[in-house]
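Peer 1: Need coordinates for the following:
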Amino acid sequence: MLRPIATSAFIAILISVSTVSADPFTYNFVYPEWTNNDDVVVFGINPIVSVTVDNGSANNSMQVFDLSTDVVEVTVTANGGTFSNSWTGAEIFTTGGSDFEYISTDASGIAILDLTTDRNSRVVFSNAGGTWQFGTEAGFTESWLEDEPAFSSPDEAFHAGGTDIFIRSVIPEPTSFAILGVLGAGLLIKRRK
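Peer 2: Sure, this is the predicted structure:
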């Protein structure tokens with residue numbers, strides 16, 4: 001009796017992993033303390049950057065994500081959630097390069113946000129609520145957050161150019177892991193009955 005149930009569960013797990021793992025992945029990065037912060041009340045000290053990416057791969061290990069094409073959404077949360085803004089589109093600025101691949105993943109699927117290399121380019125997310133910038137370009141910072149779309153806003157926090165930023169994300173938990181947990185719990189309940 002248990003063998004057919006176990007076989008069905010195994011097939012269901014394989015199907016769920018193969019289909020759900022193609023969903024976009026969201027990675028959370030706890031940003032290091034701002035080099036300069038005009039308003040600690042607004043931006044806090046260590047903001048959380050959540051980046052949802054999708055490059056079409058069904059596997060989240062050993063991947064590279066292009067910020068100009070593979071980013072679904074970026075959310076910056078600061079000061080315990082007092083400041084929060086999301087962006088779904090990016091403006092691309094470049095001074096000669098086209099390498100926007102600041103996010104990659106290791107063999108375990110853990111993402112790395114690497115702004116340590118001067119790539120002569122920057123990716124800017126902007127809307128009516130504020131602006132967030134990845135990358136470097138001559139005369140600009142490596143990362144920049146403000147609560148208005150204009151760069152002249154008095155409320156801004158940034159890391160000065162030349163500051164190394166290399167962060168590993170927390171281990172991602174895509175929907176497939178949640179489904180596996182539910183299936184596992186279901187099997188345990190069925191077995192006890």
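Peer 1: any low-confidence regions in this structure?
Peer 2: Scanning the chain for pLDDT under 70 picks out 1-22, 92-99, 117-120, 137-139, 148-154, 161-163, 171-193.
Peer 1: now the helices: where do they sit in it?
Peer 2: Residue ranges of the helices in the chain, as given by DSSP state H, are 2-20, 40-43, 175-192.
Peer 1: Just give the number of residues close to residue 80.
Peer 2: Residue 80 is flanked by 9 other residues according to other CB atoms under 10 Å. Every residue, glycine included, has its C-beta placed from N, CA and C.
Peer 1: you'd agree it is up against residue 46?
Peer 2: No. Assessed by CB atoms under 8 Å, residue 80 is found out of contact with residue 46, at 10.2 Å.
Peer 1: Bridge partners for the residue nearest to residue 129 when sequence neighbours are not counted, pull those for me.
Peer 2: Spatial nearest neighbour of residue 129, excluding adjacent residues (CB to CB, 6 or more residues apart in numbering): residue 85 at 4.8 Å. For residue 85, the beta-bridge partners are residue 76 (DSSP bridges).
Peer 1: again with residue 127
Peer 2: Under DSSP bridges, the beta-bridge partners of residue 127 are residue 130.
Peer 1: surely it meets residue 85?
Peer 2: Yes. Counting by CB under 8 Å, residue 127 touches residue 85, with 7.4 Å between them.
Peer 1: Strands of the chain, residue ranges please.
Peer 2: 25-30, 36-37, 48-53, 64-65, 71-78, 83-87, 91-94, 103-105, 111-114, 121-127, 130-136, 143-146, 156-159, 166-168 (DSSP state E).
Peer 1: Next, the buried residues of the longest one.
Peer 2: Using 16 or more other CB atoms under 10 Å as the test for burial, strand 71-78 gives 71, 73, 74, 75, 76, 77, 78.
Peer 1: Looking at those, which is nearest residue 34?
Peer 2: For these, the closest approach to residue 34 (CB to CB) belongs to residue 78, at 9.2 Å.
Peer 1: mind listing what the closest one touches?
Peer 2: Contact analysis of residue 78 by CB atoms under 8 Å, 6 or more residues apart in numbering lists 42, 43, 44, 47, 48, 84, 145, 157.
Peer 1: Nearest to residue 121 among these?
Peer 2: Relative to residue 121, the closest of these is residue 145; by CB to CB it sits at 18.4 Å.
Peer 1: gap between residue 37 and residue 89?
Peer 2: 26 Å (CB to CB, to the nearest Å).
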